[in-house]
Structures are given as structure tokens and as C-alpha cells.
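Asks: pasting a predicted model and its sequence here:
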Amino acid sequence: MRIKICGITKPEQGQEIADLGATALGFICVPSSPRYVTQRQIQTIVKQISLKVDLIGVFAGANLTQIREIVPKTGLTAVQLHGNESPEFCRHLKQALPHIELIKAFRVKNAEVLIQISPYFNWVDTLLLDAYHPQQLGGTGYTLNWESLTGFNPPIPWFLAGGLTPDNVIDALTQLHPTGIDLSSGVERSPGDKNLTKVRRLFEILAEIDAK
Ligand SMILES: O=C(O)c1ccccc1NCC(=O)[C@H](O)[C@H](O)COP(=O)(O)O
């Protein structure tokens, strides 16, 4: 299973989290976020990572030019669109950056959102389901209603996000079978400052599930 730890801002934490077993690190390229990192900060963090992990830039409402500029300069291997980007926008981005994994995030306010996902299947590689919050785009710590997602079975891979923690991840994975999970505030001391004890615990718990 893919395990993405999102909202990395500190070089030493990026390396350590990769060492602990994360398969993907997320970098918030949304200026209004408390976890925002500049192009230069991403370059500094990425330079220190010796393991092969997916490097995911999270954008919301950015235009094609901005994304096309930052991706090659930072070495990002994936782009996560976390705003209201249309299928058409995803198509253009995929054409512009064909070798970059394109992840479209959906903030699930109600069941209708799930119905609106299918037009994206042809243009994105991966989906991500996150919790809805009226003021915050992401990193909210709110969980989704997992029970309502038991029938969610898209034809492409998907990440479960939203309020996952070392304490509730087993419960989530008992009910749902995503391709990957995404955690941010559930393994943090404060926004952008990861709690490595919690990250370590997460991987210990996931290893226990694997061993069963
Ligand atoms: O994390 C942010 O600050 C953020 C800001 C703007 C857009 C997206 C953002 N995060 C996206 C993520 O992929 C988070 O990992 C996801 O929302 C889950 O966060 P959490 O509920 O804290 O685990």
C-alpha cells in the first residue's frame, strides 16, 4: 500500500519520514496554507532524500504555467490538484506533463461528490478522497464517513485522506481498501512540523496489519 505523508516543510523530517517507510512525501504549494513551501524549500528538502519516494506537489487553483514551471525545477514526480480543477484542466495538464503522476483530490461534502468523479477517470492517474471543511482546503484533521464509502470502487487507484491518525488507521482500513493512505495533521506537532514519534507508530501499526 502507498503511504503518503503530506505537508513536509523540514529537510531533516523529509529524509527521516522516507527512512521510516513513507512511499510518498507531499509538499503544499498553496500559499494560504500554514504548510506552504516555496520552490526553493522543496528543492532543499528533495536534495536530502536519498531513498526513492514519490514527491507530490499539492496545488489548488494554480494555473498550468505555474505548475509546469515548478515541477521540473523541484524534481516533483506527481501533482495533486486539491481545488476545483475541471476534467478539462486535468486533460491539459496531463498533456503538458505526461510523465508526471496526476492525482485529483475531492473534498467529499456529500454523496453527490462521488458521482461527479467519473469524468476525471480518463485524465488523471489517481484519485484522493479528503474531508470537506468550509474554510480549509486540506490538512483539516476531519475524517470522512468511511461507512458511506464502502461501495466506492473506482477503476483507477485512490488514496484515502482526511483525519487519519495512528489510532484510527486500522479502523479505516478494516472498512475500506484504498490503494494508498494520506496523513498530515494526524502525525504533526503543529502545522508543517511532523511528530516523528507518531510517524514511527503509524508504520509500526501498519506493519502489524501486514504481518496478520
Ligand atoms: O495540508 C494543507 O495545509 C493543505 C492546504 C491546501 C490544500 C491541501 C492541503 N493538504 C492536502 C493533503 O493532501 C492533506 O494530506 C489532506 O488534506 C489530509 O490532511 P489531514 O486531514 O490533516 O490528514
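Replies: Thanks, I have the structure now.

Asks: would you mind putting the CA coordinates of the longest strand seen in the chain into PDB?
Replies: If you go by DSSP state E, the chain has its longest strand at strand 101-108. C-alpha atoms of strand 101-108 as PDB (Å, rounded to 0.1, in the frame of the first residue of the first chain):
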ATOM      1  CA  GLU A 101       1.500  11.300 -12.000                       C
ATOM      2  CA  LEU A 102      -1.600  13.400 -11.800                       C
ATOM      3  CA  ILE A 103      -3.700  13.000  -8.700                       C
ATOM      4  CA  LYS A 104      -7.100  14.700  -8.400                       C
ATOM      5  CA  ALA A 105      -8.300  15.300  -4.800                       C
ATOM      6  CA  PHE A 106     -12.000  15.600  -4.000                       C
ATOM      7  CA  ARG A 107     -13.300  17.000  -0.800                       C
ATOM      8  CA  VAL A 108     -16.300  14.800   0.000                       C
END
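
Asks: distance of P87 relative to the ligand?
Replies: To the ligand, P87 is 19 Å away according to CB to the nearest ligand atom, to the nearest Å. (Each C-beta comes from the backbone N, C-alpha and C, glycine too.)

Asks: do you know the pLDDT at that residue?
Replies: For P87, the pLDDT comes out at 98.

Asks: where do the strands sit along this structure?
Replies: Per DSSP E, the chain carries strands over the ranges 2-6, 24-28, 54-59, 78-81, 101-108, 126-131, 158-160, 180-183, 188-190, 193-194.
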